[in-house]
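Q: Could you look at this predicted model? Sequence included:
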Amino acid sequence: MSAVTSYQLDHLDYLETEAIHVMREVAAEFERPALLFSGGKDSICLLRLAEKAFRPSDIPMPFLNVDTGHHFPELNVFRDKRAAELGGKLIIRKVEDAIAAGIAHPSPGEVSRNRLQIPTLLAALEEFQFDCAIGGARRDEEKARAKERFFSFRDAFGQWDPKNQRPEIWNLYNARVNPGENMRVFPLSNWTEMDVWEYIKREQLEVPTIYFSHRRQSVRRGGQWLPVSEILPPKDKEEVRELTVRVRTIGDIISTGLVESPANTVDDIIAEIAAARVTERGSRADDKSSEAAMEDRKKQGYF
């Protein structure tokens, strides 16, 4: 058998190659792309892929994060540290600043900052004239995300129309946008939660400590355990316990459900996911407001 015909890729090699191809397409087709980096596991993989796509040159796009003010402190510490290690430019735009500037408008009694991320993100894209934003969304996460293409077109208002998406035949991507329009690009579209953790293991990537088991004061609310904090104090008669928990997916501290888990290593997490019967985002309160919560947010300009 010749050397050419014996060339094989395992599934992680294939996913990595596909994602690097998508990232290089972004660098080639767009004038001002940005990479959305939260410090979560998916965007950690994006940074490693960007390193592989563009090193030894600098990564040709800044990192952008929308800080809701409700982040886990451990996440923000990791975000800043990792961006500095890579020598990347980290742009942070805060929901609080958007509210003060009249860009985001909280409704009376609205506690969650989830919806308010949308105008904050759109304002950041406009401020820096970004014509493309690379995100870490995956199709296996949630049914609205399963509908999106690698290159997801957004109109001049930042809105997504799931019924009017561009075909992606033979891995050819239509990157044309008019001034004011932009593209969201998802190199990890074909990855699963398991793929992400296997890649983290293979690449020996550091992740925030909250992904591993730790002791935390937790309050039972809405059928799940949520972390007790200054912005999420327990109410009268609510059950509060100190539990050994970890997070499986990271959102705001007021909406991220905790998983009771003894997982202390990446291998433990991989074994736990393999046996899990609850979906990854089944612990996110922000996805439970309605059956179409994610799709409604994405139509308005969400990540």
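A: Looks like it arrived, so ask away.

Q: helices or strands up against the helix or strand containing Ala28?
A: In the assignment (DSSP states H and E), Ala28 maps to helix 11-29. Contacting helix 11-29 under the criterion 3 or more Cβ pairs under 8 Å, 6 or more residues apart in numbering; DSSP states H and E are the following elements: helix 41-54, strand 132-134, helix 193-203. Bear in mind the C-beta positions are built from the backbone N, C-alpha and C, glycine included.

Q: Nearest to Asn182, out of the ones you listed?
A: Asn182 sits nearest to strand 132-134 of all the helices and strands packed on helix 11-29, at 6.1 Å, using Cβ to Cβ.

Q: how about Ser218, secondary structure?
A: strand (DSSP: H, G, I helix; E, B strand; the rest coil).

Q: who does it bridge with?
A: Note on Ser218: beta-bridge partners by DSSP bridges are Pro227, Arg241.

Q: got a list of what it touches?
A: When contacts are counted by Cβ atoms under 8 Å, 6 or more residues apart in numbering, Ser218 is found next to 225-228, 240-243, 245, 258.

Q: Now with 6 Å, please.
A: 225, 241, 243, 258 (Cβ atoms under 6 Å, 6 or more residues apart in numbering).

Q: just checking, Val228 touches Val219?
A: Yes. With contacts counted by Cβ atoms under 6 Å, Val228 reaches Val219, the gap being 5.3 Å.

Q: Now do the spatially closest residue to Thr68 that is not a sequence neighbour: how many residues are near it, please.
A: With sequence-adjacent residues excluded and distances taken as Cβ to Cβ, 6 or more residues apart in numbering, Thr68 is closest to Arg113, at 3.7 Å. Using other Cβ atoms under 10 Å, Arg113 is surrounded by 27 other residues.

Q: roughly how far apart are Arg113 and Tyr7?
A: 48 Å (Cβ to Cβ, to the nearest Å).

Q: if we can go back for a sec, pretty sure the residue nearest to Thr68 contacts Asp67?
A: No. Using Cβ under 6 Å, Arg113 makes no contact with Asp67, being 9.3 Å away.

Q: The nearest residue to Leu75 once chain neighbours are set aside and Leu46: what is the separation?
A: Nearest residue to Leu75, sequence neighbours excluded (Cβ to Cβ, 6+ apart): Gly39, at 4.7 Å. Per Cβ to Cβ, Gly39 is found 11 Å from Leu46.

Q: Please identify the buried residues of the least confident helix or strand in the chain by mean pLDDT?
A: Least confident element among the helices and strands of the chain, by mean pLDDT, DSSP states H and E: helix 293-300 (a mean of 78). Using 16 or more other Cβ atoms under 10 Å as the test for burial, helix 293-300 gives 293-295, 297-299.

Q: which one of these is nearest Asp267?
A: Closest to Asp267, out of all of those and judged by Cβ to Cβ, is Met294, at 30.5 Å.

Q: Would you mind measuring from that closest one to Gly88?
A: For Met294, the distance to Gly88 - Cβ to Cβ - is 28 Å.

Q: same check, this time on Ile134
A: 13 Å.

Q: Neighbour count for these two, which is higher?
A: Ile134 (28 against 18).

Q: okay but that one is in contact with Val185, surely?
A: Yes. Counting by Cβ under 6 Å, Ile134 touches Val185, with 4.9 Å between them.

Q: so what sits against both of the two?
A: Going by Cβ under 6 Å, 6+ apart, no residue sits against Ile134 while also sitting against Val185.

Q: and the residue lying closest to Gln300 once chain neighbours are set aside, how many neighbours?
A: Nearest non-adjacent residue to Gln300, counting by Cβ to Cβ, 6+ apart: Ile118, 5.2 Å away. Applying other Cβ under 10 Å, we find 22 residues neighbouring Ile118.

Q: tell me the SS of Ile118?
A: Classification of Ile118 by three-state DSSP places it in helix.

Q: So it is in contact with Gly301, correct?
A: Yes. If you go by Cβ under 6 Å, Ile118 and Gly301 touch, sitting 4.8 Å apart.

Q: Need the contact partners of stretch 225-245.
A: 213, 215-220, 253-254, 258, 260.

Q: rewinding a little: quick check: phi and psi on the residue nearest to Leu75?
A: Dihedral angles phi and psi of Gly39 (degrees, to the nearest 10) take the values phi 100, psi 0.

Q: And it, how far from Gln129?
A: 25 Å.
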